[in-house]
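Trainee: For reference, the sequence and a predicted model appear below.
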Amino acid sequence: MKALVYDGVETLGYRDVPDAVAASGEHLIRVDAVGICGSDMHAYLGHDARRPAPLILGHEAAGVIVGGDMDGRRVTVNPLVTCMACPACAGGRENLCPKRQIISMMPREGAFAQYIAMPASNLVTVPHDVPLAKAALAEPLAVSWHAVRLALEALHPSMEKRALVIGGGAIGLAAALALNAMGAQDVTIAEPNTARRGYLIKTCGQNAIEEASGDYPIVIDAVGYAATRAAASARAAAGGVVAHVGLGEDEGGLDVRRMTLQEITFIGTYTYTAQDFRDAAAAIFDGRLGALDWTETRALADGQSAFADLRAGKVAAPKIILDPWQI
């Protein structure tokens, strides 16, 4: 099969690799759509030791099952594989499983390929009227759905559901959509990139600004750099909540003194539970997250140029979807 392989810093190769093989309890899936995630970009830049070269990246996938008793079923893929036996899994917090694995991270190859194999429990059936390119957004939408759910659960009931999202990429936009779906009607996205900000306003109908001022009961940091953490801790209202979902860099930024004196809750959020993934997928299927028409599709064979364009800030759309079968 063909795959896009991370070969080293800012180097991707499109070539033949051994065919994916389904183990016992798994299904072989023909990948029809796979998104480029920020974590893929971190690996591409050599910033993720968990993703050493050579490795097939990509974990935001949807496709069709090939063979077996579910042959032909259209599915979106939850890429987080867990033990299903530990206290975290038993408690419905699979994302905290100590044995968790995610495709595109050693030892599991990713979905920038024509086929992948996944456990049946990681697959969600996609209705026939939902395009697979849209279904592939379930993974990034689930990340944001999980972060927003935790933020709203932590918000004091006396505070209004008014929110600032820092970062207008796919995770930030998805957070804004999840906030709307969960009852927050006053949502602002801070996005410094002029082209992306314009895209968010004109194509996505979002209230997007260059830099935020004032304070907000809910702040979602969808970037995760020291500068965005500094902005998050500065913009959170007294008694408010900061949900940190970005993984841009490890250290710096938080004004811990202000957060302590103003009793601001800080929540680190990672991926999603299996229920969050199913809930986000259902919200896609029933239209609660909008048209989801803010993607750009390219051939998997052109993956190197797609990553280079993202690196150079040339892509206005929040998400690039790669098609392994496009010529």
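Mentor: Received, thanks.
Trainee: so who does the residue most central in space within the chain touch?
Mentor: By Cα atoms, centre = their mean, the chain has its centre lying nearest to P140, at 2.4 Å. Shown in contact with P140 (Cβ atoms under 8 Å, 6 or more residues apart in numbering): 35, 37, 60, 170-171, 174, 319. For glycine as for every other residue, the C-beta is placed from the backbone atoms N, C-alpha and C.
Trainee: Flag every buried residue along the helix or strand where it lies.
Mentor: In this assignment (DSSP states H and E), P140 forms part of helix 138-154. The neighbour-count check on helix 138-154 (16 or more other Cβ atoms under 10 Å) flags 138-152 as buried.
Trainee: what's the offset of that helix from the middle of its chain?
Mentor: 10 Å (Cα atoms, centre = their mean, to the nearest Å).
Trainee: Surely A243 touches G224?
Mentor: No - with contact defined as Cβ atoms under 8 Å, A243 does not reach G224; the gap is 11.1 Å.
Trainee: the more surrounded of these two?
Mentor: Using other Cβ atoms under 10 Å, the more surrounded residue of A243 and G224 is A243, with 28 against 21.
Trainee: where along the chain do the helices fall?
Mentor: In the chain, the helices defined using DSSP state H lie at 38-44, 87-90, 132-135, 138-154, 170-181, 194-202, 226-235, 256-261, 274-285, 303-311.
Trainee: what about the chain, any weak spots by pLDDT?
Mentor: Counting by pLDDT under 70, the chain shows no low-confidence range.
Trainee: can you list the domains in it?
Mentor: Under the assignment automatic domain parsing, the domains of the chain span 2-137+292-323, 141-268.
Trainee: how about those domains in JSON lines, adding distance to F285?
Mentor: Formatted as JSON lines, the domains of the chain follow (distance: least, Cβ to Cβ, whole Å):
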{"stretch": "domain 2-137+292-323", "distance to F285": "6"}
{"stretch": "domain 141-268", "distance to F285": "11"}
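Trainee: for the ones you listed, which one sits closest to A280?
Mentor: domain 141-268 (4.0 Å; Cβ to Cβ).
Trainee: And that closest one, how far out from the chain middle?
Mentor: How far domain 141-268 lies from its chain's middle: 15 Å, per Cα atoms, centre = their mean.
Trainee: just stretch 44-59 next, same as before
Mentor: 16 Å.
Trainee: Go through that stretch and flag the buried ones.
Mentor: Applying 16+ other Cβ under 10 Å to stretch 44-59 flags 44, 48, 51, 53, 55-59 as buried.
Trainee: Go through stretch 121-130 and flag the buried ones.
Mentor: So, applying 16+ other Cβ under 10 Å, buried residues of stretch 121-130: 122-124, 126, 130.
Trainee: Looking at the residues you listed, which one is closest to P157?
Mentor: Once Cβ to Cβ is applied, the member of those that ends up nearest P157 is V124, at 32.2 Å.
Trainee: just to revisit the earlier point, how about the domains of the chain, which one is nearest D276?
Mentor: Across those, D276 has its closest neighbour in domain 141-268 (4.3 Å, Cβ to Cβ).
Trainee: First residue to last residue on that closest one, what's the distance there?
Mentor: End-to-end distance of domain 141-268: 17 Å, with Cα to Cα, to the nearest Å as the criterion.
Trainee: now stretch 108-126
Mentor: In stretch 108-126, first residue to last residue: 24 Å (Cα to Cα).
Trainee: What backbone torsions are found at T271?
Mentor: The phi and psi values for T271, taken as degrees, to the nearest 10, are phi 50, psi -120.
Trainee: what's the nearest residue to it once chain neighbours are set aside in contact with, if anything?
Mentor: Spatially, and ignoring its direct neighbours in sequence, T271 is nearest to N95 (4.5 Å; Cβ to Cβ, 6 or more residues apart in numbering). For N95, the contact set (Cβ under 8 Å, 6+ apart) comprises 80, 82, 88, 146, 270-273.
Trainee: give me that answer again for 6 Å
Mentor: Residues counted as contacts of N95 (Cβ atoms under 6 Å, 6 or more residues apart in numbering) are 270-271, 273.
Trainee: separation between it and K134?
Mentor: Distance, N95 to K134, using Cβ to Cβ, to the nearest Å: 23 Å.
Trainee: got it, and L247?
Mentor: 25 Å.
Trainee: For the two, indicate the residue with more neighbours.
Mentor: K134 (21 against 16).
Trainee: got the contact list for that one?
Mentor: Applying Cβ under 6 Å, 6+ apart to K134 gives the contacts L292.
Trainee: run the last query once more with 8 Å
Mentor: With contact taken as Cβ under 8 Å, 6+ apart, K134 is in contact with 284, 292, 295.
Trainee: That'll do, ta.
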